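Enquirer: no sequence on hand, only this structure:
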Ligand SMILES: CSC[C@H]1O[C@H](OP(=O)(O)O)[C@H](O)[C@@H]1O
């Protein structure tokens, strides 16, 4: 596989795969080496690698690298079973973002059996094609979504959906990036996004680098901004879109959707088609990851581990929540902008 470099993942083409440790941003830019699948599994679990599209891509490259190294050592191809065992371990690293499962299933060539080719060369080709498709989908999402933004719009975002979270320009944040590039004078209100502060740490980091005007808020401040008429549109990412249009995204998204609905603010889920789960009937079927208590009892990151709750305080820490499609003005995908019925019709077409 040829070398590549994106904002948070890079490969030198000779066996060195590195990821930018997103836990350490914005103050520390530290690249970590992923020499074997277990490294990447750990990085995904601890959110050094995060963001649905990036997780899917990182897992595919880690699988390719494993097969390439093993094949070189043995001077022969690995079997389907051997590749499947490692792909399954990578697939299980986090349960909600369906890009991880969809992309690894593509690496396993489930649709072309028994002519599947598990050579490193072919897996490298598939991984590269997945990366190129994600980059292209982010660009198409960004152009399509930017049409919805007007001069003077204040846009609210939740979590981080930018170039850090994808191999491209981002999804929801990609729309903002593209609108700004087109000269639209927009302002971004950034939900800090407790508990892991992807907005406060990562979205601000991306917007500051490109001098896109923004204001950081605590999550509990979005309601007041909407009540004051200061938010014209809400753009959020997605980790899994069910067949009925319900979708899972970072915890707190559902709250923002309810607020937007109450205040009549357009609310959009933004994602590549690879986030649609054709096997998931509705939002109640989406597995939601529960994470460790320490993330809620305090905060951790480049600034060290700070705990403000009493040790062992019981917590509730779902990493995602589900927004019912009734609260979604439209989904913005790389294949177009879909109202609830349009998305259902499109998914039904795919099923045929
Ligand atoms: C384009 S990233 C999509 C999605 O992934 C994030 O979750 P996490 O930070 O836990 O990986 C968040 O839900 C984003 O909206």
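Expert: Right, received. Where do you want to start? Remember, it's a predicted structure, so these values are computed and weren't measured experimentally.
Enquirer: the residue of the stretch 251-352 of the chain found nearest the ligand: neighbour count?
Expert: When scored by C-beta to the nearest ligand atom, the stretch 251-352 of the chain has residue 319 as its residue closest to the ligand, at 5.3 Å. Placement of C-beta: from N, CA and C, glycine included. For residue 319, the tally of surrounding residues (other C-beta atoms under 10 Å) stands at 21.
Enquirer: relative to residue 76, how far out is it?
Expert: Note on residue 319: its distance to residue 76, by C-beta to C-beta, to the nearest Å, is 40 Å.
Enquirer: the residue of the stretch 251-352 of the chain closest to the ligand and residue 287 touch, don't they?
Expert: No. Counting by C-beta atoms under 8 Å, residue 319 does not reach residue 287; the two are 10.7 Å apart.
Enquirer: all strands of the stretch 151-300 of the chain, in order?
Expert: 154-157, 187-191, 214-217, 233-236, 240-241, 247-250, 267-270, 298-299 (DSSP state E, counting those that start in this stretch).
Enquirer: each with direction, which strands does the fourth one pair with?
Expert: Its sheet considered, strand 233-236 pairs with strand 154-157 (parallel), strand 267-270 (parallel) by DSSP bridges.
Enquirer: compare the strands of the stretch 151-300 of the chain and give me the one nearest the ligand.
Expert: strand 247-250 (3.4 Å).
Enquirer: what's the closest of the strands of the stretch 151-300 of the chain to residue 199?
Expert: strand 187-191 (4.7 Å; C-beta to C-beta).
Enquirer: just checking, what packs against the closest one?
Expert: Under the contact criterion of 3 or more C-beta pairs under 8 Å, 6 or more residues apart in numbering; DSSP states H and E, strand 187-191 touches strand 154-157, helix 204-209, strand 214-217, helix 222-227.
Enquirer: that one pairs with which strands?
Expert: strand 154-157 (parallel), strand 214-217 (parallel).
Enquirer: tell me which residues of the last one come out buried.
Expert: Using 16 or more other C-beta atoms under 10 Å as the test for burial, strand 214-217 gives 214, 216, 217.
Enquirer: next: stretch 278-298.
Expert: 280, 283, 286, 288, 289, 291, 293, 294, 295, 296, 297, 298.
Enquirer: narrow those to those in helices?
Expert: 294, 295, 296, 297 (DSSP state H).
Enquirer: can I get the residues you listed in TSV with distance to the ligand and pLDDT?
Expert: Below are these laid out as TSV (distance: C-beta to the nearest ligand atom, whole Å; pLDDT from 0 to 100):
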residue	distance to the ligand	pLDDT
294	16	92
295	11	94
296	14	95
297	18	95
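Enquirer: so which of those residues comes closest to residue 175?
Expert: Closest approach between those and residue 175, by C-beta to C-beta: residue 295, at 28.3 Å.
Enquirer: can you tell me, leaving aside adjacent residues, what's nearest to the closest one?
Expert: residue 195 (4.4 Å; C-beta to C-beta, 6 or more residues apart in numbering).
Enquirer: show the contacting residues for the one you found.
Expert: Counting by C-beta atoms under 8 Å, 6 or more residues apart in numbering, residue 195 makes contact with 251, 295, 296, 299, 317.
Enquirer: how about 10 Å then?
Expert: 251-252, 291-292, 294-300, 315, 317, 319 (C-beta atoms under 10 Å, 6 or more residues apart in numbering).
Enquirer: mind checking how far the residue of the stretch 101-250 of the chain found nearest the ligand is from residue 109?
Expert: Closest residue of the stretch 101-250 of the chain to the ligand, C-beta to the nearest ligand atom: residue 237 (2.6 Å). From residue 237 across to residue 109, the span is 28 Å (C-beta to C-beta).
Enquirer: low-scoring pLDDT stretches of the stretch 201-350 of the chain, where are they?
Expert: Filtered on pLDDT under 70, the stretch 201-350 of the chain yields the residue ranges 301-303.
Enquirer: try 90 this time
Expert: The model of the stretch 201-350 of the chain has pLDDT under 90 over residues 273-274, 299-306, 340-341, 343-350.
Enquirer: rewinding a little: okay, the residue nearest to residue 295: pLDDT?
Expert: Note for residue 195: predicted pLDDT of 95.
Enquirer: buried stuff in the helix ranked longest in the chain?
Expert: In the chain, taking DSSP H as the definition, the longest helix is helix 120-146. If you call a residue buried by 16+ other C-beta under 10 Å, then helix 120-146 has these buried ones: 120, 122-124, 126-128, 130-131, 133-135, 137-146.
Enquirer: same check on stretch 41-56?
Expert: In stretch 41-56, counting by 16+ other C-beta under 10 Å, buried: 41, 43-44, 47-56.
Enquirer: repeat that for stretch 334-341.
Expert: Buried residues in stretch 334-341, defined by neighbour count with 16+ other C-beta under 10 Å: 334, 335, 337, 338, 340.
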